[in-house]
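>>> The following comprises the amino acid sequence and a computationally predicted model.
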Amino acid sequence: MRRFLDRYWYAYAMVLPVVVVIAVLVLYPLAQGVFFTFTNINEGNIANPNLDRPASFDVVGFKNYINVLSGGESFGAFWDTLVRTLIWTFSCVFLHYTIGLGLAMLLNRQVRGRALYRVMLILPWAVPAFISAFAWKYMFNAQYGIINQFLRAIGLPDPVWLGQSNWALVSVIIVNTWLGVPFMMVALLGGLQSIPGDLYEAAEVDGATPWQRFRHVTLPGLRSVSSTVVLLGIIWTFNMFPVIYLIAGPNPNARILVTYAFERFFSGASRDYAIASTYGVLILSVLLVFATIYRRALRKQGEVW
């Protein structure tokens, strides 16, 4: 051990500040949040130095998990919100990938003004999310929004996009797709440019159709890039808070798990920190299970990462 430390002490000294920062900013709040899930802590029993009030919450074991998963906390709230979260996540990621792949393939060709097109398509990603969210919110306005004005002009019905209906979920999916496509496009474009051109030439000489070249050359060549960006996209979208909350607000028809946890933590007469923390731990658990299954599936296909 002494010989090992004498040889690598400098590396450990360089890594130590990062470890300390992560422990303070990530691990400690995570451990505290997990502890809160086993208590009945809320705004009424948490310690408040300003009121000279000590903490009076109790440890209740797995009661919060049982209430959330069984519907005792709010009938069907968790499972209904989980289904909506899955619809939101996989719809967004599917649109991100398909539209991003199509644009990447177009930009991978030698076309005039390709650099200008790249800059224009990256703009939604470069603009801060809250600015885009407010802009889209005004565009979705039922009375004065440009989208409904266009629909009325061509004789189509104009829905109340951000009202108490499923159109609210459709609206935030549209906005998040617009925001997320540029990242997917750039990542996939890099993957396309790494595929050797000789493979396409050989496939064309063998008489392969464009669809066959896409299926047997492009998609396998993008497998490593695709597996990474799809996983990142699912994690980011599953936890996407600003788009939904800034556009739809506390609308139950657009509510996902992370926004509901926020509502339980910061809203209501008695802010329920225990239930909010329970939702946070359940979100983390769902993502960990998915990432594990996803990684094993990739390993079976020969992808090791």
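Received the coordinates, thanks.

>>> Excluding residues flanking it in the chain, which one is nearest N141?
What sits nearest to N141 in space, not counting adjacent residues and going by Cβ to Cβ, 6 or more residues apart in numbering, is N148, at 7.3 Å. Where C-beta positions appear, they are placed from N, C-alpha and C, glycine not excepted.

>>> For whichever strand or helix holds that neighbour, what is the distance to the chain centroid?
Under the criterion of DSSP states H and E, N148 resides in helix 146-153. Its chain's average C-alpha position is 30 Å from that of helix 146-153, according to Cα atoms, centre = their mean, to the nearest Å.

>>> buried ones in it?
For helix 146-153, burial by neighbour count (16 or more other Cβ atoms under 10 Å) applies to I147, N148.

>>> Please name every helix or strand in contact with the following helix or strand past it.
Once the chain leaves helix 146-153, the next helix or strand it forms, by DSSP H and E, is helix 167-193. Applying 3 or more Cβ pairs under 8 Å, 6 or more residues apart in numbering; DSSP states H and E, one finds that helix 167-193 contacts helix 77-107, helix 114-126, helix 129-139, helix 223-238, helix 242-247.

>>> at 6 Å what do you get?
Packing partners of helix 167-193 (3 or more Cβ pairs under 6 Å, 6 or more residues apart in numbering; DSSP states H and E): helix 77-107, helix 114-126, helix 223-238, helix 242-247.

>>> which of those helices sits most buried?
helix 242-247 (a mean of 22; mean count of other Cβ atoms under 10 Å).

>>> any idea of the mean pLDDT for the helix or strand that that one is followed by?
Beyond helix 242-247 on the C-terminal side, the first helix or strand identified by DSSP H and E is helix 257-266. In this model, helix 257-266 carries a mean pLDDT of 89.

>>> Give the buried residues for helix 257-266.
L257, V258, T259, Y260, A261, F262, E263, R264, F265.

>>> Let me know the pLDDT of the residue most central in space within the chain.
Nearest to the geometric centre of the chain sits T237, at 1.6 Å (Cα atoms, centre = their mean). Per-residue pLDDT puts T237 at 93.

>>> thought it was touching I87?
No - the pair T237 / I87 is not scored as a contact, 11.1 Å apart, by Cβ atoms under 6 Å.

>>> Please give me every residue in contact with the residue lying closest to W161 once chain neighbours are set aside.
Excluding the flanking residues, the one nearest W161 by Cβ to Cβ, 6+ apart is F140, at 4.0 Å. For F140, the contact set (Cβ atoms under 6 Å, 6 or more residues apart in numbering) comprises W161, L162, S171.

>>> What is the burial count for the nearest residue to L169 once chain neighbours are set aside?
Excluding its sequence neighbours, the residue lying closest to L169 (Cβ to Cβ, 6+ apart) is A254, at 4.9 Å. By other Cβ atoms under 10 Å, 26 other residues sit near A254.

>>> Kindly provide the distance from A254 to D58.
35 Å (Cβ to Cβ, to the nearest Å).

>>> separation between the residue lying closest to R84 once chain neighbours are set aside and N239?
Ranked by Cβ to Cβ, 6+ apart and with sequence neighbours excluded, the top spatial neighbour of R84 is I256, at 6.0 Å. According to Cβ to Cβ, I256 stands 9 Å off from N239.
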